[in-house]
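Engineer: from the sequence below, what's the structure:
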Amino acid sequence: MVRRGVALILVAVGLPVLLPGAAAQAAALPPWSQAELGIARTLTGFAPERQHVPRPPAGCEARIEAGPGRGGSRVTIVGASFTAGVGAGNPDRSWAVLLARMEHWDAVIYGDPGAGYVRPGVRHQGPVAHELARVGLRALRPALVIIQAGHNDIGEPLPVVQSRVAQAIALIQTEAPQARIALLTVFPGRSHAPRVYQTDQAIVTAAQAADPGVIIMDPLTGHWSFPRARDRLHPTVTGDAQIALKVAGILRAYELVPAPAGDGGLICDTAIAVPPPQPR
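Structural biologist: Numbering: from 1, shown residues only. Take a look at the predicted model:
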């Protein structure tokens, strides 16, 4: 297994490096400013010169694999309903797609609403380890893998959740040892039951045990606030843009900087769009 904490090795292959104090910087990110809100509103109407291929045909990912993959321009994002754009109503406006556009990444995005580390999702494309296996990490050679999951695992046995988290991270370490790993964990919803926080903590603990260099982005304990759809869980289009900005800020605190303009440009998106449930 390749250790991600060895800075000289990471610099030699052109991957982002974790600098001392980065975790503290990420934890100290300020709440939304008016300037950030303005950027988020602009993002929702952003029409970049970047090709987004929804539910890509065979060959989309192959085009990324065959590309030069310079620096940190190649990224994989897998997850559940937030990654699929539920709430925004269109995978093209999910936080994952907006993030890839902002950072000039070639990105493969895989989202199935309802998926988790344990749960299979509405289309049974999950759990997360199955999504990762379908992406083809070995051929893709991403510099960064982001997993958005956890909410759908609330109520699952905690040892099972932890085992599946470790399994997903082990798969990345085996198939893409050069990649940094970042987890976007449980999003706050209407419930504040203890099991919500227990599930979130189980994911964080298991991830840090499996990879001490893992980047944790925790909306629950970080009290992330953003405009939500009628179900009071999923983000609106503006909410997705705010999440994309928040994630970008955390990654940049870990020196995972955007790729140079022109290095990336192709987004292969297999996210499955479904409308959010209506509030009861």
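Engineer: tell me the SS of residue 76?
Structural biologist: The assignment at residue 76 comes out as strand when based on DSSP: H, G, I helix; E, B strand; the rest coil.
Engineer: from residue 207, how far off is it?
Structural biologist: 16 Å (Cβ to Cβ, to the nearest Å). For glycine as for every other residue, the C-beta is placed from the backbone atoms N, C-alpha and C.
Engineer: these two touch, right, residue 260 and residue 104?
Structural biologist: Yes - contact criterion Cβ atoms under 8 Å: residue 260 and residue 104 qualify, at 6.8 Å.
Engineer: who has more neighbours out of residue 76 and residue 207?
Structural biologist: Neighbours were counted for residue 76 and for residue 207 using other Cβ atoms under 10 Å; residue 76 has more, 29 against 24.
Engineer: does the more buried one really touch residue 106, like I thought?
Structural biologist: No - proximity of residue 76 to residue 106 does not meet the contact threshold set by Cβ under 8 Å, at 10.0 Å.
Engineer: centre-most residue in this protein?
Structural biologist: Geometric centre of the chain, nearest residue: residue 146, 3.7 Å, by Cα atoms, centre = their mean.
Engineer: from memory that one sits against residue 184, does it?
Structural biologist: Yes - applying Cβ under 8 Å, one finds residue 146 in contact with residue 184, separated by 6.4 Å.
Engineer: which residues do those two both contact?
Structural biologist: Common contacts of residue 146 and residue 184 (Cβ atoms under 8 Å, 6 or more residues apart in numbering): 79, 247.
Engineer: what is the neighbour count of residue 177?
Structural biologist: 14.
Engineer: quick check: it vs residue 138, distance?
Structural biologist: 10 Å.
Engineer: next one: residue 81
Structural biologist: Following Cβ to Cβ, the distance that separates residue 81 from residue 138 is 27 Å.
Engineer: rewinding a little: neighbour count winner among residue 260 and residue 104?
Structural biologist: Neighbour tally, residue 260 and residue 104, criterion other Cβ under 10 Å: the higher count belongs to residue 104, 20 against 12.
Engineer: in this structure residue 139 contacts residue 66, no?
Structural biologist: No - using Cβ under 8 Å, residue 139 makes no contact with residue 66, being 9.5 Å away.
Engineer: any low-confidence regions in the chain?
Structural biologist: 1-58, 68-72, 261-264, 271-280 (pLDDT under 70).
Engineer: can you give me the strands in it?
Structural biologist: When assigned using DSSP state E, the strands of the chain occupy the ranges 51-54, 74-79, 106-111, 144-148, 180-184, 215-217, 266-269.
Engineer: need those strands in TSV (columns: distance to residue 119).
Structural biologist: Output for those, formatted as TSV (distance: least, Cβ to Cβ, whole Å):
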stretch	distance to residue 119
strand 51-54	23
strand 74-79	12
strand 106-111	13
strand 144-148	13
strand 180-184	16
strand 215-217	20
strand 266-269	21
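Engineer: returning to that earlier point: who has more neighbours, residue 81 and residue 138?
Structural biologist: Legend: neighbour count by other Cβ under 10 Å for residue 81 and residue 138, higher for residue 81 (29 against 11).
Engineer: residues in contact with residue 136?
Structural biologist: Contacts of residue 136 by Cβ under 8 Å, 6+ apart are 61, 65.
Engineer: and the one 5 residues further on, by the same measure?
Structural biologist: For residue 141, the set of contacting residues under the criterion of Cβ under 8 Å, 6+ apart consists of 65, 69, 74, 176, 178.
Engineer: what's around the closest residue to the first one other than its chain neighbours, how many residues?
Structural biologist: Going back to what we said before, that points to residue 65. The shortest distance from residue 65 to any residue other than its chain neighbours is 4.9 Å, reached at residue 139 (Cβ to Cβ, 6 or more residues apart in numbering). Here the number of neighbours of residue 139 (other Cβ under 10 Å) works out to 13.
Engineer: from residue 121, how far off is residue 88?
Structural biologist: On the measure of Cβ to Cβ, residue 88 and residue 121 end up 18 Å apart.
Engineer: whoops, residue 186 was the one
Structural biologist: 16 Å.
Engineer: where along this structure do the helices fall?
Structural biologist: Secondary structure of the chain (DSSP state H): helices located at 7-12, 22-27, 34-44, 60-66, 81-84, 95-102, 128-135, 137-140, 158-175, 194-210, 237-253.
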